[in-house]
Structure formats: C-alpha cells, structure tokens
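Peer 1: Fold the stuff below for me.
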Amino acid sequence: MGQLAQPSTRQCLVPGDCYNMARLARLRAGGYLEIGMADNVVFLSASNWRCRSRKLGEDLLGWTDFRSSNRLGLRDPVECTLTVHHPFSRTIIHQIYDSLMARLRQEQPRVDEPDTRALLILPFHRDRGRAGRLHR
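Peer 2: Residues are numbered from 1 along each chain as shown. Next up, the predicted model:
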C-alpha cells in the first residue's frame with residue numbers, strides 16, 4: 001500500500017563531495033558499505049546505491065548508472081539515474097542526503113591521525129628490473 005505501480009526514474013546529479021566520500025568509505029570497507037540511519041539503511045556498492053526504509057520494509061530510492069568519467073574534476077557532480085520506489089521518499093530525500101553525508105564524514109580518517117591503510121607507493125627501479133616498496 002502506498003507504493004507506486006512502477007518506480008519512476010530520472011537523471012540526477014550526485015554532488016562530487018558526496019560521491020567521493022561514499023566511494024572512499026566503500027573502498028575502505030572492502031567494496032560494499034551499509035550505513036544505518038534512524039529509520040533507513042543505505043547500501044553502497046560500486047554499481048548502485050539504495051535506501052531502504054526499516055519501518056516500511058521497502059526500497060525508497062535507488063541510484064544507478066554512475067557516470068563519473070564524464071566529469072572534469074573531483075569536485076564536479078556525478079551524473080546518474082535516480083529511481084524513486086516509494087512516493088514517501090520524495091518528502092525525505094534531503095533528510096536522507098544530510099544523514100548520509102554526516103555518516104560519511106564520520107567514516108573519513110582524521111587529518112591529525114595517519115591512515116594506517118595508506119596505499120604503498122611502488123616505484124619501478126630500472127636497474128633492478130622490479131618494483132621496490134616505499135611507505136608514505
């Protein structure tokens with residue numbers, strides 16, 4: 001009851017900072033991330049994001065078909081397809097975004113603490129013919 005007969009889809013833009021923080025948090029978590037909020041859960045994977053209502057037991061929103069290669073800089077928004085599964089989601093989409101951003105900011109490593117999961121830099125040494133390891 002209350003669900004649309006068919007989900008509605010439209011093209012949208014995800015702000016660059018949201019997309020970047022979600023991607024980094026997801027990669028740090030091993031490729032998949034589940035973020036719990038008061039009444040909803042957001043699932044982030046490489047190919048899609050979806051928001052599910054705990055109370056209704058239904059998907060509210062879904063973001064798919066991310067086109068990050070179309071942007072010129074990291075701060076530029078990312079084009080994607082937004083699917084609205086439930087009419088209720090239209091009234092809370094900004095609350096979901098604000099909650100998601102707050103949680104993603106919590107996932108970011110603090111600037112004053114080094115990230116222990118920092119990537120290794122592997123320069124190629126021509127004289128040895130193999131990569132050497134340097135830690136940042």
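
Peer 1: Please enumerate residues in contact with the strand or helix carrying Ile96?
Peer 2: Per DSSP states H and E, Ile96 falls inside helix 89-107. If you take Cβ atoms under 8 Å, 6 or more residues apart in numbering as the criterion, helix 89-107 is touched by 17-18, 21-22, 24-25, 28, 35, 37-38, 40, 42, 51, 60-61, 84. (Each C-beta comes from the backbone N, C-alpha and C, glycine too.)

Peer 1: May I see the buried residues of it?
Peer 2: 89, 92-93, 96-97, 99-100, 103-104 (16 or more other Cβ atoms under 10 Å).

Peer 1: Could you identify the most distant pair in those residues?
Peer 2: Using Cβ to Cβ, the buried residues of helix 89-107 span at most 19.3 Å, a distance reached by Ser89 and Leu104.

Peer 1: Can you report how many residues neighbour the closest residue to Arg54 other than its chain neighbours?
Peer 2: Sequence neighbours aside, Asp39 is the residue nearest to Arg54 in space, at 5.6 Å (criterion: Cβ to Cβ, 6 or more residues apart in numbering). Neighbour count for Asp39, taken as other Cβ atoms under 10 Å: 14.

Peer 1: Give me the spatial nearest neighbour of the residue most central in space within the chain, chain neighbours excluded.
Peer 2: Centroid-nearest residue in the chain: Ala22, 2.9 Å away (criterion: Cα atoms, centre = their mean). The spatial neighbour of Ala22 that comes closest, neighbours along the chain excluded (Cβ to Cβ, 6+ apart), is Leu44 at 5.5 Å.

Peer 1: can you pull the contacts of that neighbour?
Peer 2: By Cβ under 8 Å, 6+ apart, the contact set of Leu44 is 22, 25-26, 32-35.

Peer 1: How about the secondary structure of Gly57?
Peer 2: Look at Gly57: counting by DSSP: H, G, I helix; E, B strand; the rest coil, its state is coil.

Peer 1: how much space between it and Asn20?
Peer 2: Gly57 sits 31 Å away from Asn20, going by Cβ to Cβ, to the nearest Å.

Peer 1: Who has more neighbours out of those two?
Peer 2: Under the criterion of other Cβ under 10 Å, the comparison of Gly57 against Asn20 puts Asn20 first, with 16 against 7.
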